[in-house]
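Q: sequence unknown, structure follows:
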Ligand SMILES: Nc1ncnc2c1ncn2[C@@H]1O[C@H](COP(=O)(O)OP(=O)(O)O)[C@@H](O)[C@H]1O
């Protein structure tokens, strides 16, 4: 599929946009009326595999993509790989929440209770954390982003749409029984922060659903003794997070589907099978080869 990735010809002005995101959120009355960017906004077609003219031009910004998908689907894994490939920051709101949790800031206790029950943090808090991250990024000269875990409610999507042009929304999909196993197998290195997975998944196909196998993603020896499990990766909490995803976050898929921005991607297996297929779906397969040849 020749996915043409459309970039706005407007410069990103992240800082201004970030402040507007926060302002929008707190002005709740206007938030629900935020108008989605029309497809007639000044856009130019950009084939991400054909030289990325837009990204070289100082006047234009880098990609602004969103990753959607249930807990455990692999948003973080694929968003972070793409961020390295495209040279854009990977911004995961779950990471921003966990950073806040591990600080002794005033929000920490309040957030801990919400997150450990598998509930969503309020739109106000999450947008304030995201705004701060975007502002810090802009100060460092960042352009573009791959958002992971945001937006998670239609209100968040409307607020974002009111201030930024999202080029593409990738919706990662996986069977629910596999999602649960993947969440329960997830481990994080408490020192380097990298994610691993000890689950070995081998589910047979049934009732028309294809089978799926995924090898564990083992940590290197130096991380082995420092592995921790997220407090919200217990069976009970993962089931609650999945329930909340279907209730609150699935409508976000419809929001972007109706704008023609949603790329549905069924993961065919683990990273070795899925990564090349995802690049193909994004029309980035050549891009990876060119990048490694240039390195
Ligand atoms: N956009 C958001 N809106 C509200 N809460 C969020 C958002 N992003 C993250 N969180 C909070 O942080 C927790 C962890 O998020 P994340 O790491 O993205 O988990 P998941 O593995 O469920 O995708 C969520 O369960 C939720 O409490």
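A: Cool, got the structure. The structure displayed is predicted, hence computed values, not measured ones.
Q: where's residue 238, which helix or strand?
A: helix 235-244 (DSSP states H and E).
Q: for that helix, packing partners?
A: helix 176-184 (3 or more Cβ pairs under 8 Å, 6 or more residues apart in numbering; DSSP states H and E). Where C-beta positions appear, they are placed from N, C-alpha and C, glycine not excepted.
Q: let's go with 10 Å and repeat that
A: Under the contact criterion of 3 or more Cβ pairs under 10 Å, 6 or more residues apart in numbering; DSSP states H and E, helix 235-244 touches helix 108-116, helix 176-184.
Q: residue in the stretch 151-295 of the chain with the shortest distance to the ligand?
A: residue 152 (3.7 Å; Cβ to the nearest ligand atom).
Q: count the neighbours of that residue for me.
A: When neighbours are defined as other Cβ atoms under 10 Å, residue 152 has 20 of them.
Q: do a quick rundown of the helices in this protein.
A: Taking DSSP state H as the test, the helices found in the chain are 14-26, 28-31, 53-56, 75-86, 93-102, 108-116, 123-139, 154-163, 176-184, 221-224, 235-244, 250-257, 271-281, 285-294.
Q: quick one: stretch 100-116 to chain centroid distance?
A: 21 Å (Cα atoms, centre = their mean, to the nearest Å).
Q: same question, stretch 136-152
A: 10 Å.
Q: ok so, going back, export the helices and strands packed on helix 235-244 to CSV and tack on distance to the ligand, mean pLDDT and mean neighbour count?
A: Below are the helices and strands packed on helix 235-244 laid out as CSV (distance: least, Cβ to the nearest ligand atom, whole Å; pLDDT from 0 to 100; neighbours: other Cβ atoms under 10 Å):
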stretch, distance to the ligand, mean pLDDT, mean neighbour count
helix 108-116, 4, 93, 15
helix 176-184, 7, 95, 19
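Q: rewinding a little: which residues are in contact with the helix holding residue 238?
A: Helix 235-244 is contacted by residues 70-72, 115-120, 152-153, 176, 179-184, 186, 230-234, 249 when judged by Cβ atoms under 10 Å, 6 or more residues apart in numbering.
Q: rewinding a little: measure the residue of the stretch 151-295 of the chain closest to the ligand to residue 218 for me?
A: The gap separating residue 152 from residue 218 is 30 Å, by Cβ to Cβ, to the nearest Å.
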